[in-house]
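[1] Any chance you could fold what I've pasted below:
(chains A and B)
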Amino acid sequence: MSDAPLHSGAPAAIPERTHEVDRSGQPVFELRSISHSYGRNKVIFDVNLAVWPGEVVALVGDNGAGKSTLLKIFAGYQKPTSGTLRFMGKDVSFSSPAQARAIGIEAVYQDLAIVDQLSLWRNFFLGKEILHRVGPINVLDRTRMRREAQAAIMELGLTRVHTVEEPVLALSGGERQSVAITRAMHFGAKLLLLDEPTAALSVRETRNVLKSIERARSHGLGVLYIDHNMSHVLPVADRIVLLELGRVVRVIDRGEVSIEELQDLIARRTQALAV
Amino acid sequence: MTTGTSPNVTPAAVNAAPAGRRKSPAESLLGIRELAPGLGLIVVALFFTALTTNFWSPQTMTAITTVASTIAIVSIGVTMLMISGEFDLSVGQNFAFTPILWALLFVSNGMNEWVALVIALVVAGGVGVVNGLVTTSFGIPSFITTLGMFFVLEGVNNLLISGHQLIMFDPSLAMSVLGSRLGSTPFYAPLLWMFVFAIIFWFVLTRLRYGNWTFATGGRVGPAKAMGVPTKRVKLTNFVISSVLAGLAGCMQFAYIKGVTQGQGQNYELLAITSAVLGGTSLFGGMGTIWGSVIGAFLLATIQIGLVLVGVPGSFYVTFIGIMLVIVVIANVRLGRFGGNQA
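    Numbers count the residues shown, from 1 in each chain, chains lettered A, B, ... in the order given. Below is the predicted model of the structure:
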């Protein structure tokens, strides 16, 4: 981890934000003393974590710190062994990702965002198709879905797909995620979950994905994301939550540390543990 | 709508087509997946027109359309299933099993023919349910599940009529509806039914949510699931569609020929897949069209009958089909029409 280049794909031109996150209201989502075990193997220890509307929270930590497990708990893939989940101020419990999705928690995975063979508009509305009644049957409202998808993706500036009619085979990894994030916003998601959204992306691609994250935040969504690259985390995160062996060891506010300090922090703690 | 953030979309194009860039005529034509097989069919037809004197005779038309229509109906179901990412090798046996069951019920046991037909088709649907449930719940390749079902049904067919032929000299009303001649034309009812089912499933595939889900399930099952598509249910339903259409097409064949043997529908599982592939359906799921498969079935039938007219031994036509199939798949892979599941 400490040998990794600090600036591989440093994003350019992410505008410095001035507004502060308003944490006086209800958080979008809150974990209260969450613990989780896989069998006899306890991996999450009494974690408290909240994401407010319009806030980007980055989960960082070394492999095995529990980032993915926490994300799975957020997304409804994993039911925590103990503790409570609160969504918009109400206790919730998910037995499937579909339930989490139904109340507005949208997980975007790089490799699960898009069905290559479908056209862009069919992808955009997949699972949430707009139907209209023709006689006794519900038929796809293709005109409306084309129009809405077109309007929504216009601002993304996709370079390899020009119409919503084209199959999305040609979309790059970053564009897929941007489309998926845009889709989540379009369907009224409250909380966006991103698992390493910038992994294996070029500089320009990374910038576009981070822009999409910015856009989601400015629309008032809460965003929780995992990223290994500290230079991607720092420009967009309002708070950085450092996990270690299943525990939250530090919460860093925006502007409190530099990339080098952050990188150092993770590396040093890991080394200390290894000794 | 602004164009400032997307420099690659020209303002003119956006204004001309609010739902996207307008395609040139050439692009639109190339985008039609049925174009290549359609051209192939025309070439083959011209070829036999030049080589024979009686290609367009009513007898030849009858022969081609009756062979093509039953294969096409089977292929429509198989295409739905292939687009959702699965195969059905049991359709050929089902093509014999269902009419045998129907005939045994109403000819030999005196049951009302319509009730018997419904029962036979429900049993055919049951075959699809078994294929689908075994495949989706155990997560094994449908190639294996339906190969197993192929042998199961072959055995059952043996058991039911053990080498005999069921003949119906006096066709019943249901048989007339399914297989009689259309007036004084050289065409028979199965051709009409083929168009009916082609239109129905073209509509289902392109205009209904279920069609969207079928493409998504076969395209990439992971994202489809993540977007809330019930992929297992979609596959199961398509297994049932495939089985029922195969059984129904078999009943039409029985009604047209007025007899059925256990050998009916031999090779049809492979011919149905071949029709679909010739028509542009991907072997890997996620892509395909109903009309392409219909054209593919006509391509097979035209070659089969045309070669007979030319004087080539009838059973030799499969050799041509085999060679053509491989060439078409190579061409499709080269042209990248099979999608992103491979290099």
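[2] Would you check how far apart the closest residue to residue B:72 other than its chain neighbours and chain A are?
    Here the nearest residue to residue B:72 in space, its sequence neighbours aside, is residue B:297; by Cβ to Cβ, 6 or more residues apart in numbering or on different chains that works out to 3.6 Å. Backbone N, C-alpha and C define where each C-beta goes, glycine included. From residue B:297 across to chain A, the span is 23 Å (Cβ to the nearest Cβ, to the nearest Å).
[3] what do you get for residue B:39?
    Taking Cβ to the nearest Cβ as the criterion, residue B:39 is separated from chain A by 22 Å.
[4] And the host helix or strand of that residue, what's buried?
    Using DSSP states H and E, residue B:39 maps to helix B:35-51. If you call a residue buried by 16 or more other Cβ atoms under 10 Å in any protein chain shown, then helix B:35-51 has these buried ones: B:36-38, B:40-41, B:44-45, B:48.
[5] what are the ranges of the strands in the stretch 51-200 of chain B?
    In chain order, the stretch 51-200 of chain B shows strands spanning B:166-167, with DSSP state E, counting those that start in this stretch as the criterion.
[6] residue contacts, the residue of it found nearest chain A?
    Among residues of the stretch 51-200 of chain B, the one nearest chain A by Cβ to the nearest Cβ turns out to be residue B:83. It sits 9.2 Å away. Listed by Cβ atoms under 8 Å, 6 or more residues apart in numbering or on different chains, the contact set of residue B:83 reads B:205, B:214-215, B:218, B:238, B:281-282, B:285-288.
[7] Restricted to buried residues, select those in ChimeraX.
    In ChimeraX, selecting the buried portion of the contacts of residue B:83, with burial taken from 16+ other Cβ under 10 Å, looks like this:
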select /B:205,214,215,218,238,281,282,285,286,287,288
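[8] Among the contacts of residue B:83, which ones lie close to chain A?
    Among the contacts of residue B:83, the residues lying close to chain A (Cβ under 8 Å from any Cβ of the partner chain) are B:215, B:218, B:282, B:286-287.
[9] Which pair of those residues spans the longest distance?
    B:215 and B:282 (10.3 Å; Cβ to Cβ).
[10] Give me the distance between the two termini of stretch A:61-77.
    Between the opening and closing residues of stretch A:61-77 lies a distance of 21 Å (Cα to Cα, to the nearest Å).
[11] Give me the contacts around it.
    The list of residues contacting stretch A:61-77 from outside it, by Cβ under 8 Å, 6+ apart, reads A:1, A:29, A:31, A:34, A:36, A:43-44, A:47, A:49, A:59-60, A:78-80, A:85, A:94-101, A:105, A:107, A:191, A:193, A:195, A:224, A:226, A:242-247, A:266, A:270.
[12] do the same with stretch B:141-160
    Outside stretch B:141-160, the residues that touch it by Cβ under 8 Å, 6+ apart are B:81, B:86-90, B:92-94, B:96-97, B:100-101, B:104, B:127, B:130-131, B:134-135, B:239, B:262, B:269.
[13] If we use 6 Å, what do you get?
    Here stretch B:141-160 makes contact (Cβ atoms under 6 Å, 6 or more residues apart in numbering or on different chains) with B:86-90, B:93, B:96-97, B:100, B:131, B:134-135, B:262.
[14] If anything else comes up later, I'll come back, but that's it for now.
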